[in-house]
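Novice: Sequence plus the predicted model coming up.
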Amino acid sequence: MQNKRTAMLYSDDPHTIISYGILAKSIMENTSNAINWKFISKQIQHMLPENYYDYTRYPAGSNEEELNTQMIPELCERFDPEFYLTIGDIQHFRMTRYFIERKMPWIHYLPIDSHDKNSIRMNAYTIHNVDIPVCMSRFARDFCLESGLENCDKFIYPIVKSEYSEREFQMVKNKEPTWESVHLGFRKVKEKEESDLYSLINAFKQELKIPENTTILLFLGRMGWRKNPQFLFSILRKLTKERKRKVILYFHTDVNDPASVINMSKEFYAHDVPEDAIRRTKGYKWYKGIHTSALNAIYNIADIQISTHGGEGFGIPLAEGLAAELPFVATDCTTTPELSGNNKWSLGVKVKHNIPDKGIVRPYVDLEDFCDKIEYLIDNENERAKMGRMGREWVKKTLNPEKISKKWMEVFDLTNVNKITVKKNEYGKAVLK
């Protein structure tokens with residue numbers, strides 16, 4: 001058995017619902033047979049190291065120059081990692097080269113969530129300082145190359161698990177040690193199948209008290225400014241009041257999330273939506289996350305997932321829903337065409353306006369077209385089911401752990417100290433030659 005390589009990963013915490021933390025966890029889980037991961041949590045300033053099956057978690061400390069990076073130089077010196085991986089919006093990593101050893105290869109998993117070229121130009125200096133940028137989507141890679149960032153020539157999709165092994169199934173069935181951490185993948189549950197998941201789905205339905213012949217629209221995620229959550233209430237009002245549709249908008253979100261830009265009660269009142277047209281997951285906390293079985297149950301309860309986003313770095317919830325044969329309706333920008341198969345297994349909604357929002361040009365979706373697309377899926381149940389099956393096949397083929405982890409190992413192999421030399425780029429920083 002070959003010796004494991006030691007590497008450090010700095011990102012959002014895997015124990016929260018933040019997408020970058022979820023991505024970090026999936027990378028570590030699927031490469032830990034070859035990599036000894038030292039994970040640095042962006043959300044934790046002080047704690048003792050904690051050992052998990054696939055990684056050891058450390059605090060990041062705090063630093064005035066850049067959010068929570070105080071401990072990074074010390075941890076680099078202690079573990080002497082062979083490479084350093086970061087995940088997240090690139091503007092949060094401007095000081096990275098000053099915190100890590102100059103000769104240490106730096107890989108950054110790069111999301112691009114807008115079509116605004118001025119935004120990426122402002123971050124070009126930082127991106128040039130990354131030894132190996134890996135884009136999170138085909139859109140991100142193409143957009144970077146079009147913007148003159150020639151080193152952004154790679155993209156790797158996130159992992160979305162949609163199947164399980166017999167060994168994993170037996171671990172859960174027999175409740176073996178660590179069985180609660182086993183992820184059996186997102187899937188559509190068969191009618192009346194004998195499983196804990198089917199029982200969980202029924203328990204959720206009873207708690208939600210959904211009337212018969214009612215379509216459940218799911219919003220899943222944090223209600224940050226980029227998600228445009230205010231538009232969801234306008235859409236709900238149009239569907240229920242103007243178009244007389246029997247729909248319920250199910251929010252799987254933490255209404256007290258500090259990232260939320262709205263007060264749900266005020267929006268509910270301001271848009272005059274029917275009192276019984278909204279449901280939400282009770283007791284859900286953004287910093288705790290949720291077990292994948294419960295999340296899978298939520299995808300199975302819903303009929304259509306909806307997102308009025310103004311740009312996505314990828315769209316993890318949309319992809320997870322597809323694995324459970326749940327088609328979506330979402331703003332047709334950034335990664336939506338990739339995730340929807342150009343409207344083959346989900347529907348993109350046209351953009352009505354492009355408006356500067358927090359310094360970045362963001363699309364505002366056409367609300368009437370959004371309602372039209374939802375109604376199409378409501379009225380065409382067979383087509384909706386067909387799209388769900390096609391979406392799942394795409395996830396299985398494209399986002400499966402084996403395929404994605406192999407691509408990551410190929411990237412990690414580029415940092416092998418026996419295969420690289422280090423030079424100074426035009427900015428005077430260390431890069432791979």
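Specialist: Arrived safely, thanks for sending. Numbers count the residues shown, from 1 in each chain.
Novice: C-alpha only now, for contacts and for neighbours.
Specialist: Will do.
Novice: Can you list the strands that the helix or strand A7 falls within pairs with?
Specialist: Secondary structure from DSSP states H and E places A7 in strand 5-11. According to DSSP bridges, strand 5-11 forms sheet pairs with strand 35-41 (parallel), strand 83-87 (parallel).
Novice: Dump these into TSV; add mean pLDDT and mean neighbour count as well.
Specialist: Output for the strands paired with strand 5-11, formatted as TSV (pLDDT from 0 to 100; neighbours: other CA atoms under 10 Å):
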stretch	mean pLDDT	mean neighbour count
strand 35-41	95	23
strand 83-87	95	22
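Novice: Could I get the ones you listed in JSON lines, plus columns for distance to D332?
Specialist: Output for these, formatted as JSON lines (distance: least, CA to CA, whole Å):
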{"stretch": "strand 35-41", "distance to D332": "33"}
{"stretch": "strand 83-87", "distance to D332": "25"}
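Novice: Between those, which one is closest to M223.
Specialist: strand 83-87 (20.8 Å; CA to CA).
Novice: what comes up buried for the next helix or strand along the chain from that closest one?
Specialist: Once the chain leaves strand 83-87, the next helix or strand it forms, by DSSP H and E, is helix 96-99. Buried residues in helix 96-99, counted by 16 or more other CA atoms under 10 Å: 96-97.
Novice: List of residues touching stretch 233-252?
Specialist: Stretch 233-252 has contacts (CA atoms under 8 Å, 6 or more residues apart in numbering) with 213-221, 267-268, 271-274, 276-281, 284, 367-368, 370-371.
Novice: Can you flag the buried ones in the residues you listed?
Specialist: Judged by 16+ other CA under 10 Å, buried ones among those: 215-221, 267-268, 273, 277-281, 284, 367-368, 370-371.
Novice: Which ones among those residues lie within strands?
Specialist: 215-220, 278-280 (DSSP state E).
Novice: Now tell me which of those residues the prediction trusts least.
Specialist: Among these, R280 has the lowest pLDDT, at 90.
Novice: For the closest residue to that residue other than its chain neighbours, what are phi and psi?
Specialist: Distances taken as CA to CA, 6 or more residues apart in numbering place F251 nearest to R280, at 4.5 Å, with adjacent residues excluded. Dihedral pair for F251: phi -90, psi 120, per degrees, to the nearest 10.
Novice: burial count for F251?
Specialist: F251: 19 surrounding residues under other CA atoms under 10 Å.
Novice: Correct me if wrong: A24 contacts H108.
Specialist: No - at 11.5 Å, A24 does not count as touching H108 under the criterion of CA atoms under 8 Å.
Novice: what touches both of those two?
Specialist: What both A24 and H108 touch, as defined by CA under 8 Å, 6+ apart, is the set I87.
Novice: on that earlier part again, not counting the strand holding A7 itself, show me its contacts.
Specialist: Residues from elsewhere that reach strand 5-11 (CA under 8 Å, 6+ apart): 20-21, 24, 34-42, 76, 79-88.
Novice: swap the cut-off to 6 Å and go again
Specialist: 35-42, 81-87 (CA atoms under 6 Å, 6 or more residues apart in numbering).
Novice: what does stretch 265-280 give?
Specialist: So stretch 265-280 is contacted by 237, 248-252 (CA under 6 Å, 6+ apart).
Novice: got the phi/psi numbers for R78?
Specialist: The phi/psi pair for R78 (degrees, to the nearest 10) is phi -70, psi -40.
Novice: Tell me the confidence at it?
Specialist: Note on R78: pLDDT of 89.
Novice: And it, how far from T16?
Specialist: 27 Å (CA to CA, to the nearest Å).
Novice: Pull the CA coordinates from the helix or strand where L23 lies and hand them back as CSV.
Specialist: Here L23 is covered by helix 19-31, with elements defined by DSSP H and E. The C-alpha trace of helix 19-31 is given here as CSV (Å, rounded to 0.1, in the frame of the first residue of the first chain):
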residue,chain,number,x,y,z
SER,A,19,-22.2,24.5,-0.3
TYR,A,20,-18.4,24.9,-0.2
GLY,A,21,-18.2,22.9,3.0
ILE,A,22,-20.3,20.2,1.4
LEU,A,23,-18.0,20.1,-1.6
ALA,A,24,-14.9,20.0,0.7
LYS,A,25,-16.4,17.0,2.5
SER,A,26,-17.2,15.1,-0.7
ILE,A,27,-13.7,15.6,-2.1
MET,A,28,-12.1,14.4,1.2
GLU,A,29,-14.4,11.5,1.5
ASN,A,30,-13.6,10.2,-2.0
THR,A,31,-9.9,10.8,-2.0
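Novice: since we're on K209, how many residues are nearby?
Specialist: 10.
Novice: The helix ranked longest in the chain: what's the following helix or strand?
Specialist: Looking across the chain with DSSP state H, the single longest helix is helix 381-398. Proceeding N to C from helix 381-398, the next assigned helix or strand is helix 401-413, under DSSP H and E.
Novice: Can you check what angle separates that next one from strand 35-41?
Specialist: 90 degrees (axes from the mean of the first three to the mean of the last three CA atoms, to 10 degrees).
Novice: average pLDDT for helix 401-413?
Specialist: Helix 401-413 comes out at a mean pLDDT of 96.
Novice: Give me the residues contacting that helix.
Specialist: Outside helix 401-413, the residues that touch it by CA under 6 Å, 6+ apart are 30, 159.
Novice: quick one: T126 is in a helix?
Specialist: Yes - read with DSSP: H, G, I helix; E, B strand; the rest coil, T126 is one of the residues of a helix.
Novice: Can you tell me how far the nearest residue to it once chain neighbours are set aside is from L75?
Specialist: Distances taken as CA to CA, 6+ apart place R94 nearest to T126, at 5.5 Å, with adjacent residues excluded. For R94, the distance to L75 equals 19 Å [CA to CA].
Novice: Next: R392.
Specialist: 41 Å.
Novice: before we move on, what about H46?
Specialist: 14 Å.
Novice: ok, those two, which is more surrounded?
Specialist: Taking neighbours as other CA under 10 Å, H46 and L75 compare with L75 leading, 18 against 13.
Novice: From the chain's centroid, how far away is the helix or strand where L75 lies?
Specialist: Secondary-structure element containing L75, defined by DSSP H and E: helix 72-79. Remark: helix 72-79 is offset 28 Å from the chain centroid, using CA atoms, centre = their mean, to the nearest Å.
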